[in-house]
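K.L.:
have a look; sequence and predicted model below, questions after that.
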Amino acid sequence: MSGTHETSARTPTCATVRAGVPFVGKQGLTYTPAISAETVGARGLHMQLLTIPPGGRTKAHKHERHETAIYVLSGEAGTWFGERLENHFVARAGEFVYIPADVPHLAYNLSLTEPATAVVARTDPNEQESVVMLPELDAIRR
């Protein structure tokens, strides 16, 4: 498919879009939106690019009622997750990640010199509406 088909948030249709203007999310990182309710009228998902800078990390948070799928394009990112961030995994370039709805988590870049980049898809077409910050967990994982 080539080109971009204009659409409104009320009438979704097939479309191609370029990544939008980056914004800083509640989680503390910069996101570059692409597919969303705002851009194409999506009703059940959004997709965006995420780059975690060298040594960067999110603030502890969860996505209320929404699942998240991530594909790591480059770098390595660790994620603490669970009610007290007691569990941990590392995701590397070429790997997929699944985070269930309502699971507290905190992601960080393992590298102090290279960014980690990923495509993020979530079942929240408005992206930031479902983000619930968990400041009481931030001090657990410094």
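P.N.:
Looks like it arrived, so ask away.
K.L.:
helix or strand: which one has the residue nearest to the spatial centre of the chain?
P.N.:
Ranked by distance to the mean C-alpha position of the chain (CA atoms, centre = their mean), the top residue is residue 120 at 4.5 Å. With elements taken from DSSP states H and E, the one containing residue 120 is strand 116-122.
K.L.:
okay, and residue 39 sits in which element?
P.N.:
Secondary structure (DSSP H and E) places residue 39 in helix 37-40.
K.L.:
and if you look at residue 34?
P.N.:
When elements are defined using DSSP H and E, residue 34 is found to belong to strand 30-35.
K.L.:
show me what that strand is packed against.
P.N.:
Using 3 or more CB pairs under 8 Å, 6 or more residues apart in numbering; DSSP states H and E as the contact criterion, the elements in contact with strand 30-35 are strand 23-24, strand 46-52. Using the backbone N, CA and C atoms, a C-beta is placed for each residue, glycine as well.
K.L.:
in its sheet, what does the shortest one sit against?
P.N.:
What that stands for is strand 23-24. strand 30-35 (antiparallel) (DSSP bridges).
K.L.:
so the nearest residue to residue 94 once chain neighbours are set aside is in which element?
P.N.:
In space, residue 94 comes closest to residue 72 once its chain neighbours are excluded; the distance is 6.8 Å by CB to CB, 6 or more residues apart in numbering. Applying DSSP H and E as the criterion places residue 72 in strand 68-74.
K.L.:
do the same with residue 16
P.N.:
Using DSSP H and E, no helix or strand contains residue 16.
K.L.:
report how many residues lie close to it.
P.N.:
Neighbours of residue 16 under the rule other CB atoms under 10 Å: 12.
K.L.:
how close does it sit to residue 46?
P.N.:
Here residue 16 is placed at a distance of 16 Å from residue 46 (CB to CB, to the nearest Å).
K.L.:
what residue ranges in the protein score low on pLDDT?
P.N.:
Under the criterion of pLDDT under 70, the regions of the chain flagged as low confidence span 1-10, 142.
K.L.:
now residue 96. Nearest residue, chain neighbours left out?
P.N.:
Counting by CB to CB, 6+ apart, residue 71 is the residue found nearest to residue 96 once chain neighbours are left out, at 5.4 Å.
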